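[1] Requesting a structural model of the entry that follows:
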Amino acid sequence: MLFGDYRVEVVPDTEFRLDGGAMFGVVPRALWSKVCPPDEENRIRLNMNCLFIETKDERILIETGAGDKWSSRQGIIYGITRERPLGESLRAIAGVGAEEISIVVNTHLHFDHAGGNTTRDEAGRIVPTFPNARYFVSRDEYEHAESPHERDRASYLPENWRAIEESGQLELKDADYEVVPGLRMETVAGHSRTMQCARLTRGGRTLFSFADLVPTRAHVPLAWIMGYDLFPVETLEAKKHLLPQAVREDWLCLFYHDPEVPLCRVVEDDGKLRAIGFEEKQDGFIPGE
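    Down below sits the predicted model:
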């Protein structure tokens, strides 16, 4: 898809499942189960929708999914249904190989956003998945990952960043910074203090990746906030600021964990916010139900 003078593609990693109650916090099961039906273990379907951006000089991947370093037991716990490695999806959808990616950006280092940073080679050693890429993460997030909170410690797996640190490919960035012209990473507190969202502005349009601030279309209503969030009140304040702006300015919104329609517009009907999908066209996108 063309977005101004850049090419943009969504590259799903793999479906997985997490507990529905944890994904919706204080929202009653009777409500969230209508839009996200749980399985027999109360888990809901999710995906990890990585964002590929091609500029004149760079091939960028924002997020790398869960990776392929999981044991069979872990795969069962998280309901991972991998059909192909992320690298194969990247080549099939974007037409580039892992060796052609020049920049990898992590909004944060939780395993479902940074797990694909590294992989195992034929000898079983953990190595960078993207051998020629510079890996960007904020310094604040890196420091938090190295000394995580008790509530999110299980989400940080050092195997997902130590190899790129050792190879010299890891670059620590400011809380807000520009990746390339028009693509900015912005720290938005709520899910944690240090998670970032991506804002791409080209040709008078904005594409905003909400990362875990608004993980799926079902989380667009302001009070629908994950139980995983360390600072849910700050999540609410960020949503109250960003989602109305998305409506006013007709943003294209990426919901990283949505299993079916990750790219949407947000509209307001009778004072309520909701997400609708879109249909692509040659020079951008048009709204669609």
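[2] What residues does D13 make contact with?
    47-50, 64-66, 86, 89, 116 (C-beta atoms under 8 Å, 6 or more residues apart in numbering). From N, CA and C alone the C-beta is placed, and that goes for glycine too.
[3] now those residues in JSON lines, with secondary structure?
    As requested, the contacts of D13 are exported to JSON lines (DSSP: H, G, I helix; E, B strand; the rest coil):
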{"residue": "N47", "secondary structure": "coil"}
{"residue": "M48", "secondary structure": "coil"}
{"residue": "N49", "secondary structure": "strand"}
{"residue": "C50", "secondary structure": "strand"}
{"residue": "T64", "secondary structure": "coil"}
{"residue": "G65", "secondary structure": "coil"}
{"residue": "A66", "secondary structure": "coil"}
{"residue": "L86", "secondary structure": "helix"}
{"residue": "S89", "secondary structure": "helix"}
{"residue": "G116", "secondary structure": "helix"}
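[4] Which ChimeraX command selects the buried ones in these?
    Restricted to buried positions by 16 or more other C-beta atoms under 10 Å, the ChimeraX selection for the contacts of D13 reads:
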select :47,48,49,50,64,65,66,86,89,116
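[5] so how many other residues sit close to R184?
    16 (other C-beta atoms under 10 Å).
[6] That one contacts R199, doesn't it?
    Yes. The pair R184 / R199 is scored as a contact, 4.9 Å apart, by C-beta atoms under 8 Å.
[7] coming back round to it: which among the contacts of D13 gets closest to F130?
    Nearest to F130 among those, counting by C-beta to C-beta, is T64 at 8.0 Å.
[8] Can you name the residues that contact the nearest residue to the closest one once chain neighbours are set aside?
    Leaving out its chain neighbours, the residue that sits closest to T64 by C-beta to C-beta, 6 or more residues apart in numbering is G116, at 3.1 Å. With contacts taken as C-beta under 8 Å, 6+ apart, G116 has the following neighbours: 13, 50, 64-68, 86, 129.
[9] With only the CA atoms kept, save stretch 71-86 in CSV.
    C-alpha atoms of stretch 71-86 as CSV (Å, rounded to 0.1, in the frame of the first residue of the first chain):
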residue,chain,number,x,y,z
SER,A,71,9.2,-24.8,23.3
SER,A,72,6.3,-27.0,22.4
ARG,A,73,4.9,-26.6,26.0
GLN,A,74,5.1,-22.8,25.7
GLY,A,75,3.4,-23.0,22.3
ILE,A,76,0.5,-24.9,23.9
ILE,A,77,0.2,-22.4,26.8
TYR,A,78,-0.1,-19.5,24.4
GLY,A,79,-2.0,-21.3,21.7
ILE,A,80,0.5,-20.4,19.1
THR,A,81,-0.6,-21.5,15.6
ARG,A,82,2.4,-20.7,13.5
GLU,A,83,2.0,-21.4,9.8
ARG,A,84,5.3,-19.9,8.7
PRO,A,85,8.2,-18.0,10.1
LEU,A,86,8.0,-14.2,10.2
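[10] please renumber so the chain begins at 56
    Got it, first residue is 56 now, which makes that one stretch 126-141.
[11] what's in contact with that stretch?
    Counting by C-beta under 8 Å, 6+ apart, 66, 68-73, 94, 98, 105, 119-123, 125, 147, 171, 184 sit against stretch 126-141.
[12] Show me what counts as buried in that stretch.
    130, 133-135, 137, 140-141.
[13] chain center to it, what's the gap?
    Offset of stretch 126-141 from its chain centre (C-alpha atoms, centre = their mean, to the nearest Å): 18 Å.
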